[in-house]
Every structure is written in C-alpha cells, then in structure tokens.
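Enquirer: Pasting the sequence and the predicted coordinates here, then a few questions.
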Amino acid sequence: MRNIWIITKREFSSFFATPVAYVFIAIFLMLSSIFTFFIGNLFERGQADLLPFFNFHPWLYLFLVPAIAMRTWAEERKSGSIELLMTLPVSVGEAVMGKFFAAWGVLALALALTFPLWLTVSYLGAPDNGIIIAAYVGSWLMAGAFLAISMCMSAMTKNQVVAFILAIVVCFLFVVSGSGIVLDAFQHWADNAVIDTVASFSFLTHFESMAKGVLALNDVGYFLITMGVWLYASLVIIEQKKAD
Amino acid sequence: MIAVKNLSRYFDKFKAVDGLSFDIKAGDIVGFLGPNGAGKSTTMKMLTGFLPASEGTIHINDADISKHSKSVQKIIGYLPEGAPAYGDMTVYQFLLFIAQIRELKGKRKHERIAEVVAQLELQAVLDRPIDNLSKGFKRRVGLAQAIIHDPKILILDEPTDGLDPNQKHQVRKLIQGLSEDKIVIISTHILEEVAAVCNRVMIIADGALKFDDTPLALQQKSRFYQSVSLTMSYAADISGLAELDGVDDMEVDRKTGRVTLFPEPGAHILPQVAEHIQLRRLPVEDLHVDQGRLDDVFREITASKESV
Ligand SMILES: Nc1ncnc2c1ncn2[C@@H]1O[C@H](COP(=O)(O)OP(=O)(O)O)[C@@H](O)[C@H]1O
Ligand SMILES: [Mg+2]
C-alpha cells in the first residue's frame, strides 16, 4: 500500500512537471463546454440537468484518455527507467496500481474542474444534486475503464504514438459495440444471446443510465471489472516485455 | 553472499549468458570485464532480479532471487547501464522518491539524502530537472540513488562511463571508501579501473566466464609482467643480457633501440640485470620494470576460445 501511494504521488506530480496535465485539463474543459452548450443545447432544452454534458463523455474520453495514458509504460521502457523501477523493492502490481491511480486522479481533477457547469444549471434552475453527483461518479468510473485499456496498450509498445492509436482503436470497439451500427451488423447472422453479449460489453450501454444519475450495481461492477481485467493484463504484459 | 550456478540467458535462440557459476562473498569488489556484448549487463540484470534467468540459479544470502526478489532487492543498490532516471523530476525530488521507496523515514531520510548529495557533489544541481543535466551529473545522480540506502550489495553497470578523469577518480574513491563488509560489482571496459579499485576480476566473453582471480594474477598472465626494459644513450654490446639467469627472451625495438628482457615465469630478473649493467658499464639512461600490460592479456583472454 505504501509503495502504491509513493508511486501515485510521483506519477501525479510528473503529470504536472510537464505540460501534459495542464493541456489535458484545458482541452477537456474546452471540449466539454463546447459539446454541452453548442451541440447539446444545454440552454435550449429548458431543463436544469447536465445530461447533455455527461452524454458526450464517452466520446471525449475516447480521444483524451489514450492521450494521457500513452506515455505511462511506453516512456518508461523507452528511457530505460523501467529497469530502475523494477529493481527497486516494488512489485509490478504496485507499479501498475500506482500509475493507474495517478492518472485516474488527474481525470478526477479534470472532472471536478467542470463545476462551473453545475453552478450554471444551479443558477438557472433547481437541479437534482444527487443525480449530478451520481453521474459524475459514473463518468469517473467509465474514465477509469478507458484508462485501464489505454495503459495496457501503452505497456505493449515502446512507441507512444502506437500506444495512442492502439488505445483509441480498442476503446472505440468498447464504445461502439453497443451502438446501432455494430448491432445491426450482427443482426443478420447471430442469435440474440450473441447480440446481447456484444451489447453488454459496450461502455455506452452501461453509461446510459449512469449519465441519468442511476448507479446500478451491474453497471458499476462492469466498469470495475473492466478496470481490473485490463490492469491485470498490463501487469502480465509488463512482466513479459519489461526487458525487451 | 552471492551464489550463482550455471546461469544462462537466451534471447530467442541467442545465448547472451552461457553457464556462469561463481560465488561472491562480503568484502569482494569485483570488476566485471568483457568486450561490448559479452553479457555483462545481462548478467547484472539477472542478479538484480530485473530479468529472469533462462537456466540456472541465483542465491543472495541464501534466498533464491526468482522467489524472493523483493526482499533481495532491498539489500541491493543498482545503477543500470546508462543511468536511467525520471528526467522530468529534479535531482532532489528524484532522490526523495528513491529514499521513500527504500523505506527511509523522517530524519534519517533527510540525512541520507544530504550525505549522498555531498558525496557525489550534487548541491549545485539539486533543483534542476535531471533531463537538463550533463552526462556526468546524470551518472552521479544514478550513483547517488544506488547508495542512498547504504546497501549490502552494490551493482554498478559502467559507473564511470561519461565522467571526466577527476570525476572518475571521485567515483573510485567513493567505492574504496565503502565499508569492507560489502559486495561491490562493477562492470567496465576500462582496465586501469579494475586494477585501481577491485580485489577480484572476472572476465567474460561471449557470455562465458574466462578468468576469475585477483588483478595481480591477471597482470601476472602478461608476458610483460616483471619484464625489464632499458634504453641506452649510445649503442653498446648487449648480447650478455639475454644470457642472464632467469631471462627467457630479449627483444630490441629497432626504431627506439629500447631493449626488453622477458623473465622466465615467476623469475625476478632486476638484480641480475642491474649487476650486469654495472659490470659492463653499459650506458643505460632509463630502466623500467613493467607491471604487466592488462590490455594485452585482456585481448588474449577474450579473443581465444578456450576458457581458463
Ligand atoms: N533485450 C534483448 N534482446 C535481444 N538481445 C539482447 C537483449 N539484451 C541484450 N541482448 C544481446 O545480448 C548480448 C549481451 O548484451 P549485454 O549483456 O548488454 O552485453 P555487455 O553489457 O557485456 O556489453 C548482446 O549481443 C546483446 O545484443
Ligand atoms: Mg553493458
């Protein structure tokens, strides 16, 4: 536990030692406001909630989370610092968790900094704050799932750009597997059980009710398990590839 | 105490380390010598638990490193090749991070940081990001993190690479100043370094151990060990020199006129030579006893296929 915390602190401050975190947060805030106000028509809807804001999160994360995660392991392997890290009395699992929590913390901070939107709707009407908090938590959980996938992709290569592209591709699959296009493609030849399974892997499906402020156990569980699986996969990959 | 048995490592089909066996005990300062690509770094990576061995075992203080890597890593300080570090951290932040991971706490933590900073003269760059440092400073930061927890076992992969002569001297002093119950393993391809700081030399080539003895024993393998060479101010009759007791061979450099007398194995020929010079009143202006030429021996050992 102590080691995880030390690594988390190191990684977190490293995000802020370089412009990475600032750029990420700035872009996240900019894009989420643009989406919410101009495309989601927050005002015109005439409702005091943040649904348009949260509905865009899967698409925002699709590009932004791979960007913040791409250097996690790729950089470590390229610079050779992984050799230092792995010969300190730290287990691979602790390193994986430490790095994950640091980046997840940056995502939490970015989310928290969208509070002016909340203030806006509170000023305009009387939103249900419980729903908004639940939606924030749900969004953060989904961000964690994006992050675990992206970090795993970063563990697979020394090249950050390759890691970024791989992460977008895999995350994209997880996002669209619930959308109409994909499910239609399955419609013709697969039975309903298969279609349901494919749909049940979709971030969109699981985020749908979360965005409305419903934290159902199976959705929360789904994102937690997704994180666990991909983090474990990165652990295995790093054990295998650390010295290549 | 390090016990290595039949250690091998493959990269795909290529055998980078080939059946190494050796013991290292407390107090040994081992120079790990070998040409580039010999397998020094790979061996060190296995000793520090970074790379798993393909075959063979490593025991450190009786603990098998493949099963107890974490507890073993606590007593090892390691400078990987090229001194990798987290470049966006300042020197101080980096050392603080290492100290925390090394379980140094409170006052002791700050004392140790201050000590290694003083030992490696890092005061001037303490608040500079490591990325912006010169090669020599980076190497010293790497050394500082390796010794910060005062480890029982210190493994340094090319610690003086990129340092200027003064800094090299400083690093050697640092290693010599370590207490005597430690194990130090240094890889290098600088032969003088081995003679200067090590009490044991291991030469590996093509992944296999070719020589394992003291630096003196290495020097003694040289044809030039205890050879006497002399120059004379004008030509004189030197035929008698080759006939002296214990002299095995004589060579004369045609360009410089320098005469070199090679002893029979184990013989000391200086007294005879000196006596002969006096007796014949040879016009000797310079006389020198050679301590052996390490680079010749090194080349011989690493080029030949047979092991010692
Ligand atoms: N990760 C790796 N993959 C493939 N080959 C490697 C790897 N690491 C080292 N080697 C090879 O193993 C040999 C020994 O390398 P190394 O231990 O670095 O030598 P040294 O440190 O003595 O110069 C070299 O031929 C090198 O190319
Ligand atoms: Mg090397």
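Expert: Ah, there it is. Ligands and ions are numbered 1, 2, ... in the order given.
Enquirer: average pLDDT for stretch B:273-293?
Expert: Mean pLDDT, computed over stretch B:273-293, is 88.
Enquirer: The stretch 1-150 of chain B: helices as residue ranges?
Expert: With helices called from DSSP state H, counting those that start in this stretch, the stretch 1-150 of chain B shows them at B:40-47, B:69-74, B:91-101, B:106-119, B:135-147.
Enquirer: Using TSV, please lay out those together with mean neighbour count, mean pLDDT and distance to chain A.
Expert: Where C-beta positions appear, they are placed from N, C-alpha and C, glycine not excepted. Below are the helices of the stretch 1-150 of chain B laid out as TSV (neighbours: other C-beta atoms under 10 Å in any protein chain shown; pLDDT from 0 to 100; distance: least, C-beta to the nearest C-beta, whole Å):
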stretch	mean neighbour count	mean pLDDT	distance to chain A
helix B:40-47	25	96	7
helix B:69-74	19	94	4
helix B:91-101	21	97	5
helix B:106-119	15	95	12
helix B:135-147	23	94	8
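Enquirer: of all these, which lies closest to residue A:186?
Expert: When those are compared by C-beta to C-beta, helix B:69-74 sits nearest residue A:186, at 46.2 Å.
Enquirer: can you give me how far that closest one is from the chain middle?
Expert: In terms of C-alpha atoms, centre = their mean, to the nearest Å, the centre of helix B:69-74 is found 25 Å from the chain centre.
Enquirer: repeat for stretch A:73-87
Expert: Here the centre of stretch A:73-87 is set off from its chain's centre by 23 Å, with C-alpha atoms, centre = their mean.
Enquirer: What distance separates the opening and closing residues of that stretch?
Expert: Across stretch A:73-87, the terminal residues are separated by 16 Å (C-alpha to C-alpha, to the nearest Å).
Enquirer: again with stretch B:37-55
Expert: End to end - C-alpha to C-alpha - stretch B:37-55 spans 19 Å.
Enquirer: Break chain B into its domains for me.
Expert: B:2-219, B:223-291 (automatic domain parsing).
Enquirer: Of the ones you listed, flag the one that's most buried.
Expert: For the domains of chain B, the largest average neighbour count (mean count of other C-beta atoms under 10 Å in any protein chain shown) is found in domain B:2-219, namely a mean of 19.
Enquirer: before we move on, the earlier item: mind checking which of the domains of chain B is nearest ligand 1?
Expert: domain B:2-219 (3.2 Å; C-beta to the nearest ligand atom).
Enquirer: now the helices of the stretch 1-150 of chain B in JSON lines, with distance to residue A:231?
Expert: Formatted as JSON lines, these follow (distance: least, C-beta to C-beta, whole Å):
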{"stretch": "helix B:40-47", "distance to residue A:231": "25"}
{"stretch": "helix B:69-74", "distance to residue A:231": "20"}
{"stretch": "helix B:91-101", "distance to residue A:231": "20"}
{"stretch": "helix B:106-119", "distance to residue A:231": "30"}
{"stretch": "helix B:135-147", "distance to residue A:231": "27"}
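Enquirer: Quick check: closest non-adjacent residue to residue B:230.
Expert: Nearest residue to residue B:230, sequence neighbours excluded (C-beta to C-beta, 6 or more residues apart in numbering or on different chains): residue B:287, at 4.5 Å.
Enquirer: which SS class is the one you found?
Expert: Three-state assignment for residue B:287 (DSSP: H, G, I helix; E, B strand; the rest coil): strand.
Enquirer: circling back: adding distance to ligand 1, write the helices of the stretch 1-150 of chain B out as a markdown table.
Expert: Converted to a markdown table, these look like this (distance: least, C-beta to the nearest ligand atom, whole Å):
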| stretch | distance to ligand 1 |
| --- | --- |
| helix B:40-47 | 3 |
| helix B:69-74 | 19 |
| helix B:91-101 | 23 |
| helix B:106-119 | 25 |
| helix B:135-147 | 16 |
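Enquirer: ok, which residues in chain A are in contact with chain B?
Expert: Counting by C-beta under 8 Å from any C-beta of the partner chain, the residues of chain A close to chain B are A:3, A:6-7, A:10, A:13-14, A:17-18, A:79-84, A:86-91, A:242-243.
Enquirer: Can I get the buried ones among those as something I can paste into ChimeraX?
Expert: Only the buried entries of those go into this ChimeraX selection, using 16 or more other C-beta atoms under 10 Å in any protein chain shown:
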select /A:3,6,7,10,14,17,79,81,82,83,84,86,87,88,89,90,242,243
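Enquirer: The residues of chain A next to chain B also near ligand 1: which ones?
Expert: residue A:243 (C-beta under 6 Å from any ligand atom).
Enquirer: Among the residues of chain A next to chain B, which ones are in helices?
Expert: Mapping the residues of chain A next to chain B onto helices (DSSP state H) picks out A:3, A:6-7, A:10, A:13-14, A:17, A:79, A:81-84, A:86-87.
Enquirer: could you pull out the strands for chain A?
Expert: For chain A, strands defined by DSSP state E do not occur.
Enquirer: Centroid-nearest residue for it?
Expert: In chain A, the centroid-proximal residue (C-alpha atoms, centre = their mean) is residue A:143; its distance is 2.3 Å.
Enquirer: ok, for that one, nearest residue in space, not its chain neighbours?
Expert: In space, and not counting its chain neighbours, residue A:143 is closest to residue A:107: 4.6 Å by C-beta to C-beta, 6+ apart.
Enquirer: Which pLDDT value goes with residue 38?
Expert: Looking at chain A here, since you left the chain open. Predicted confidence (pLDDT) at residue A:38: the value is 74.
Enquirer: Actually, chain B is the one I wanted.
Expert: 92.
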